[in-house]
Each structure stands twice: as structure tokens, then as C-alpha cells.
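Engineer: Need the 3D shape of this:
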Amino acid sequence: MNRLKEAGFASLLVGGCVRDLLLGREPKDFDVVTDAHPEEIRKLFRNARLIGRRFRLAHVRFGREIIEVATFRANPQTNDKRQPRQRTGRKNEADANIFGTQEEDALRRDFTVNALYYDIRNFQVTDYVGGVADLKQGILRIIGEPESRYREDPVRMLRAVRFAAKLGFKIEKKTAAPIHELAPLLANVPAARMFEEVLKLFHGGCALETYELLRHYGLFRYLFPLTEESLETEESGFPITLVPRALANTDARLAEGKPVTPAFLFAVMLWEPVRRETRGLVARGVNNQVALARATERVLREQLNHISIPKRFSIPMREIWFLQSRFERRAGQQAFRLLHHPRFRAAYDFLLLRAETGEAEKALSDWWTRFQEVSEAERKAMVRALAPPAGKKRRRRRARRG
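Structural biologist: From the prediction side, this is the model:
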């Protein structure tokens with residue numbers, strides 16, 4: 001920032017980092033904005049790399065840290081005749097970039113609390129949209145007319161929910177009003193982009209609150225339609241609680257600094273529709289394992305229309321599901337082989353969740369918990385204890401002739 005200032009350019013922090021600092025929180029990262037154009041930024045920083053086609057940005061690397069440096073932009077929707085200034089001598093510095101003033105840059109941002117600037121030239125926060133007042137009141141307000149802003153980019157509805165959950169803010173009445181009606185617009189968002197948004201929603205440390213707000217505003221069904229359908233039913237007179245329990249556990253792990261994986265998240269989100277489909281196939285006489293495989297394919301095929309799941313996550317997700325039946329098979333060497341499976345820990349955590357909701361036997365999850373804690377000799381004793389008493393072995397059926 002000092003280098004930009006010394007070169008005669010504007011040099012400001014912007015967005016979430018300013019918001020979090022004003023709230024007394026530690027920012028996750030820092031974004032810098034300036035009136036220098038991307039090529040000018042690259043000349044100032046030899047370790048800068050320009051990225052993006054539609055909007056060119058500079059990534060300036062400092063050790064392991066990457067600082068994103070953007071040029072003030074105007075909203076092309078309201079100022080589509082403006083052309084980039086030609087200070088670098090290039091005919092088309094960036095065809096889609098429409099550079100603007102700091103105020104124009106503020107007005108094109110999504111929410112008032114994300115449009116605050118901290119200027120190192122005078123050490124002041126600049127606020128064009130009332131973001132400081134909204135921070136003090138705990139209100140999340142969209143900049144501009146809500147319906148048109150959501151139509152420009154439907155993902156803003158997801159961002160509204162994410163920030164409200166993260167900050168503990170209330171979504172302002174006019175900002176919230178069109179969400180139910182415009183939620184179907186999420187069906188037009190590319191599935192690959194939705195994958196990234198889902199990770200932001202559920203791996204930000206407030207997954208449970210986010211999930212509740214998504215369902216409240218009718219957005220969740222456009223992310224996981226089969227899951228929403230399953231959650232609307234009850235099982236044996238009780239609501240299905242696997243998803244909220246899993247999301248609460250995810251928040252707890254993140255708070256403790258433990259890792260989380262998208263594979264487990266999607267395994268949780270899609271388990272109920274898979275289980276429901278499996279039960280239907282078994283009722284029609286299909287073998288359990290075959291039914292699970294068919295149900296998995298059907299549910300994934302439908303889900304990929306809404307959110308793309310890379311194979312590096314979908315494959316371990318499937319393994320988590322298919323290992324569930326193996327927890328019940330513990331005789332001989334089966335328990336020892338399962339214990340050394342590379343996906344054992346994730347599958348075991350999934351078993352614990354199922355036991356918490358009453359879907360799996362609590363005694364089974366307790367057995368596997370103890371099996372991991374004891375010595376090798378005690379493990380062998382635990383397996384031997386599962387064998388039927390001597391003299392009561394099951395007799396093999398003779399194969400029928402003919």
C-alpha cells in the first residue's frame with residue numbers, strides 16, 4: 001500500500017477486512033483497491049500476476065500471502081459507454097474493465113457493510129453508502145434496488161444469507177423481501193460456481209445458522225432439492241436431524257482449528273435422499289448393496305444439475321457411504337481391515353452422526369470407538385467375543401439339487 005501511495009496512486013483497504021476491523025474481528029484476508037490500472041500495478045510489483053478475463057486483477061505475492069489489488073471500477077450496467085483510460089499505451093487494456101472513481105466503485109459493490117474504504121493517505125474510513133451506520137445497527141442492506149441487484153447476480157441472495165449468519169446481522173426488510181420470489185433464479189447459476197458458493201456457505205464457521213436461514217428464505221431447495229424433499233418428511237414420527245447435527249459438528253471442528261472436507265459435507269447433505277432411494281429399491285427386491293449403488297448414481301446425477309462436485313470429493317463421498325455397511329461386519333479380520341482403510345476415520349465420524357440421530361445402533365458406534373482405543377490383544381478379544389458360543393454355530397444350508 002505504501003508503494004502504491006509513493007508512486008502517486010490511491011491506496012485503500014476495502015470490503016470485508018475493513019468491516020471486520022471495525023467490528024473488532026480478525027480479517028481473514030486483505031483486499032486493496034487503487035486507481036492504478038492492472039498493467040501499472042504489475043510494473044510496480046515484480047511479483048505481481050494479472051488474473052481474470054472479464055475483470056483484470058493483480059495478485060501480489062508476499063511469501064505465502066497473496067494480496068488482491070483491484071482498480072476502481074464503475075458498474076457497466078449503469079455506465080456502459082465508458083472506456084478504460086489509456087494510460088498504459090495499450091489499445092484494449094481489458095475489454096470488459098470499465099474503470100471508474102472511488103464512489104462509483106462503492107456503488108457497484110453488493111452490501112453497504114462491504115463498501116467501506118480505509119485510506120492510508122489520511123488514515124480515515126470513507127463511507128459512501130451508509131455502511132458504518134448499518135454496522136452499528138447490525139443490519140445487512142443491499143446497495144441499490146434489491147430486485148434488480150439480485151437479477152444481475154442471483155448469488156447475491158446466498159451472500160446475503162452468508163453474511164447475515166457470519167456477522168449475526170439482520171437482513172434489512174427491503175433487502176429480504178424479494179428473496180423468496182427470486183430464489184428460482186439460482187437454477188440459472190453455473191453448477192461449478194455453485195460448488196464454490198456452497199463451500200463458502202458451510203465451511204465459514206457458522207454452517208448451522210446459515211442452513212437455517214437458507215431454509216427460512218426458501219433458498220436451500222435450489223441447492224439440494226432432493227435433500228429438501230427428504231427433510232420435509234419424518235421418520236417414525238421424528239424429524240430427520242442428521243444435517244443440522246453434522247453442520248453443528250462442522251462449526252465445532254472449525255472453531256477448534258480442525259480440518260473439514262467437502263467430501264464429508266456432501267456425504268451428509270445427500271445421505272437422506274440416497275437412503276430413501278435405497279429403501280425403495282430394497283422394498284422392490286433389489287439386493288442391499290446393488291440398491292445403494294443405484295441410489296447413489298441416481299441422486300448424484302440429479303444433484304450435479306445444481307452443484308458440480310469434483311471427483312476428488314465425490315469419490316471419497318461414495319466411499320464414506322459404502323463403508324457404513326462394513327461397520328456391521330466385524331468377524332475374523334474384517335474389523336482390522338476396515339480399521340486400516342484410508343477412509344476409515346471419515347466413515348467412522350459419519351457412523352457416529354447416524355448413531356446420534358438413532359439411524360444406527362449406539363452399541364455399534366460405541367464398539368468401534370472402543371476398538372480404536374484398546375491394544376491389539378484387546379481388539380482380538382473384542383472380535384472373539386462377537387463369535388457365537390461353541391455348539392451354537394449356524395448350520396450351512398445344503399444347496400438344492402436340480
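
Engineer: Which stretches in the stretch 151-300 of the chain count as strands?
Structural biologist: Secondary structure of the stretch 151-300 of the chain (DSSP state E, counting those that start in this stretch): strands at 170-171, 234-235, 238-239.

Engineer: tell me, which of those is the model least confident about?
Structural biologist: Per-stretch mean pLDDT for the strands of the stretch 151-300 of the chain is lowest at strand 238-239 (a mean of 58).

Engineer: Please name every helix or strand in contact with the helix or strand containing Leu351.
Structural biologist: Leu351 belongs to helix 344-356 when assigned by DSSP states H and E. With contacts taken as 3 or more C-beta pairs under 8 Å, 6 or more residues apart in numbering; DSSP states H and E, helix 344-356 sits against helix 242-255, helix 262-283, helix 311-322, helix 362-373. Every residue, glycine included, has its C-beta placed from N, CA and C.

Engineer: Now render the ones you listed as CSV, adding mean neighbour count, distance to Glu6 and mean pLDDT.
Structural biologist: Output for these, formatted as CSV (neighbours: other C-beta atoms under 10 Å; distance: least, C-beta to C-beta, whole Å; pLDDT from 0 to 100):
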stretch, mean neighbour count, distance to Glu6, mean pLDDT
helix 242-255, 18, 39, 95
helix 262-283, 21, 42, 96
helix 311-322, 18, 44, 97
helix 362-373, 14, 58, 96
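
Engineer: Out of those helices, which gets nearest to Phe195?
Structural biologist: For Phe195, the closest of the helices and strands packed on helix 344-356 is helix 262-283, at 8.0 Å, according to C-beta to C-beta.

Engineer: Using PDB, list the CA coordinates for that closest one.
Structural biologist: Presented in PDB, the C-alpha positions along helix 262-283 are these (Å, rounded to 0.1, in the frame of the first residue of the first chain):
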ATOM      1  CA  PRO A 262     -16.200 -31.100   1.100                       C
ATOM      2  CA  ALA A 263     -16.400 -34.800   0.700                       C
ATOM      3  CA  PHE A 264     -17.900 -35.200   4.200                       C
ATOM      4  CA  LEU A 265     -20.100 -32.100   3.700                       C
ATOM      5  CA  PHE A 266     -21.700 -33.600   0.600                       C
ATOM      6  CA  ALA A 267     -21.900 -37.100   2.100                       C
ATOM      7  CA  VAL A 268     -24.000 -35.500   4.900                       C
ATOM      8  CA  MET A 269     -26.200 -33.400   2.600                       C
ATOM      9  CA  LEU A 270     -27.100 -36.200   0.200                       C
ATOM     10  CA  TRP A 271     -27.300 -39.200   2.600                       C
ATOM     11  CA  GLU A 272     -31.000 -38.900   3.300                       C
ATOM     12  CA  PRO A 273     -32.100 -38.900  -0.400                       C
ATOM     13  CA  VAL A 274     -29.700 -41.800  -1.000                       C
ATOM     14  CA  ARG A 275     -31.000 -43.700   1.900                       C
ATOM     15  CA  ARG A 276     -34.600 -43.000   0.900                       C
ATOM     16  CA  GLU A 277     -34.000 -44.200  -2.700                       C
ATOM     17  CA  THR A 278     -32.100 -47.300  -1.400                       C
ATOM     18  CA  ARG A 279     -35.100 -48.300   0.800                       C
ATOM     19  CA  GLY A 280     -37.400 -48.000  -2.100                       C
ATOM     20  CA  LEU A 281     -35.300 -50.300  -4.200                       C
ATOM     21  CA  VAL A 282     -34.800 -52.900  -1.400                       C
ATOM     22  CA  ALA A 283     -38.600 -52.900  -1.000                       C
END
